[in-house]
Structure formats: structure tokens, C-alpha cells
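kindly return the folded structure for what I paste below:
(one chain, ligands or ions: 1)
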Amino acid sequence: MEITTTVSETRSLIRQWKKEGMTIGLVPTMGFLHEGHASLIKKCREENDKVVVSVFVNPTQFGENEDLEAYPRDFHRDMALCEEMDADLVFHPEPEEMYQDACTFINITDLSDNLCGKTRPTHFKGVCTVVGKLFNIVTPDNAYFGQKDAQQLAIIKKMVMDLNFDVRIVGCPIIREEDGLAKSSRNTYLNERERTAALCLSKAVKRGQEVIAKGCNSNDVLQEMNEIIEKEPLAKVDYISIVDALTLQPVEYVERPVLAAMAVYIGRTRLIDNFIYGEEPAEQ
Ligand code: PAF
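Next up is the predicted model:
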């Protein structure tokens, strides 16, 4: 497995592989890898000749008072997992290598206005910019993202269409702990009591899936989901919404594929979870 830290050494390796006719898959990550990332790498391994994992805690997607400094990092453990998953290259640049004195960014409108974008107004500009840069550096045939960050996935698909990036975006299912909690690097922030409290998110997802299947309007589903979160004293809802799965605009009635998404604070930790209804599930 190769490790690169600069754009130029990454490009020359990729150029060599492309000359040999290899297909390239990219799994963009911010490191502190867990089973969710492992599932993306596995899928990428199955579908491509060469597997590239980027490990980069991207400063531009963190707001001023967010957890950029505290974000968990463990590059050695990440390396071990990538090696075990048979990745070919880990791209691990420093922020200076990625941004230098950059003043060009990718800003997506509309899809970034609600859900997480409401309380994190600069987040998706940072995500789109770094993902766009990674696409230009790695030039992957396929790129893999988790369905847990559902808004991110929808936004990246739209960006790829709008800006004609020549890459296929593959969404992969949410990976959960045995008790239902969606895997996230931020779960490490939770103490024991908060870890138990955090189960209210997956319980709300389960309840939402049961209620929505009976066919009804969005408010009924949201009310049932909210009730579960409100019962948990350590939980504070940032948002729970039902939106069109493609446009991410709120829908009153569940008539077409929808995304039911939520962000909930458990103590000081903001966690997200979601489900899609009315659409083929992401490929396993
Ligand atoms: O989902 C993430 O970990 C990040 O937002 C991503 C896509 C790697 C961009 O920094």
C-alpha cells in the first residue's frame, strides 16, 4: 500500500495506473475510520482495480465554533485498517497542501439551505470544494459515500451533474452498532450515559419507518419521531424533517421517494441519522 501526502506524487501514481488501463475507485474520508468506512472501502475494492482512500480532516467544512481541533484522529490505526481492507493508496495531505492560499470554492445553492445546512451554513461549501478537489486530483471512475450523510450524498450527486465531473457516485447503506446507533467518528465524544441516550435517534428512525409505511402525511410521521426524541432528557432536536429525496425540499404528503432526516444533540455532541422511503435501498 502506498501513502502520498502531495498532489503531485498522487497524480503521478494515478497517471501510471491509468496508463496501465486500471480503473480507480475513491473513498473520501476524514479518518478515524470505523466499520462504516470499511464498508465503503470493501465496495470500492469489489468494483475497481485500484482503491484510493483519502484521509483528510477538511478545515473548510467546519464552522467557527465547531469541532475541527477536537475531531478524533488516529492515522496509524487508519493505515492498519486500509492495509487490512487491501487499499492501494492512502492520500493524506496537510491542509497547506490542499488549500495554500486558495480563494476559489464550490458553493451549492438550494440543496444546502435546509437540514444540516440551516445550522451549518458554510459546511457544504467546504465539502463540495474538497470533494471537487479530490475528484480533480484522483480522477476516480467511481467514488463512494455513506447514506448516513444523506444531504451530503444528494449534494455531491447534484454537484457532479451540474459541474460535469466524470465520476460515478455510489451511495452505500448506513452501518449500525448492534443496538442500532449509526456508526460515526463522533460517537467517541459520548460518555456512557450519552451513549445510551443516543439510541433515541435509531429508535426514532425505526418508529418513522413503521408509521410512514402506513401511508400518511409528513407531520404525523414527524410527530411520532419527535415524541421518541423528546422522551430522552439528554437529547435536543436540531431538526427532524421529511424532504423530497432528490431536491431536499420539505414535502407535506409522502407520495414519492422521501428522506426523513434528523440531527439531534446528545449533550454537546451533534449526531445525525435518517432513512429513505419509497426508493430502492442503496446497493449492499
Ligand atoms: O463524509 C466525510 O467524511 C467528509 O464530509 C468528506 C466527504 C470526506 C469530505 O471531507
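
ok, K236 touching Y265?
Yes: contact between K236 and Y265 holds when scored by CB atoms under 8 Å: they sit 4.4 Å apart. The way it works is simple: take the backbone N, C-alpha and C, and place the C-beta from them, glycine included.

contacts only, for Q152.
Listed by CB atoms under 8 Å, 6 or more residues apart in numbering, the contact set of Q152 reads 124, 127, 145.

cool, and I137?
Counting by CB under 8 Å, 6+ apart, I137 touches 7, 10-11, 14, 91.

measure it to P72 for me?
Applying CB to CB, to the nearest Å, the value for I137 to P72 is 24 Å.

and the helix or strand harbouring V237, what's buried?
Using DSSP states H and E, V237 sits within strand 235-244. By neighbour count on 16 or more other CB atoms under 10 Å, the buried set for strand 235-244 is 235, 238, 240-243.

same check, this time on stretch 157-171
Quick answer for stretch 157-171 (16+ other CB under 10 Å): 158-160, 165, 167, 169-171.

can you list the residues of the stretch 101-250 of the chain near the ligand?
Counting by CB under 6 Å from any ligand atom, the stretch 101-250 of the chain comes close to the ligand at 127, 130-131, 149, 152.

export those residues to JSON lines and append columns for pLDDT.
JSON lines is the format used below for those (pLDDT from 0 to 100):
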{"residue": "V127", "pLDDT": "98"}
{"residue": "V130", "pLDDT": "98"}
{"residue": "V131", "pLDDT": "99"}
{"residue": "D149", "pLDDT": "98"}
{"residue": "Q152", "pLDDT": "98"}
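
so which of those is the closest to G215?
Distance to G215, by CB to CB, is smallest for D149 among these, at 27.8 Å.

contacts only, for the closest one.
Counting by CB under 8 Å, 6+ apart, D149 has contacts I272.

so which of the buried residues of stretch 157-171 are in helices?
158-160 (DSSP state H).

next, format those residues as CSV and append pLDDT and distance to T109.
Listed next are those as CSV, based on pLDDT from 0 to 100; distance: CB to CB, whole Å:
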residue, pLDDT, distance to T109
K158, 97, 10
M159, 98, 11
V160, 98, 16
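
host element of the nearest residue to L246 once chain neighbours are set aside?
Leaving aside its sequence neighbours, L246 sits nearest to A154 (CB to CB, 6 or more residues apart in numbering; 6.8 Å). Using DSSP H and E, A154 falls within helix 150-162.

what angle separates that helix from strand 235-244?
For helix 150-162 against strand 235-244, the angle by axes from the mean of the first three to the mean of the last three CA atoms, to 10 degrees is 40 degrees.

still on that earlier bit, what's the closest of the buried residues of strand 235-244 to the ligand?
The ligand has its nearest neighbour among the buried residues of strand 235-244 in D238, at 17.4 Å by CB to the nearest ligand atom.

pretty sure the closest one contacts V264?
Yes: between D238 and V264 there is a contact under CB under 8 Å: 6.3 Å.

who touches both of those two?
With CB under 8 Å, 6+ apart as the test, D238 and V264 both reach R270.
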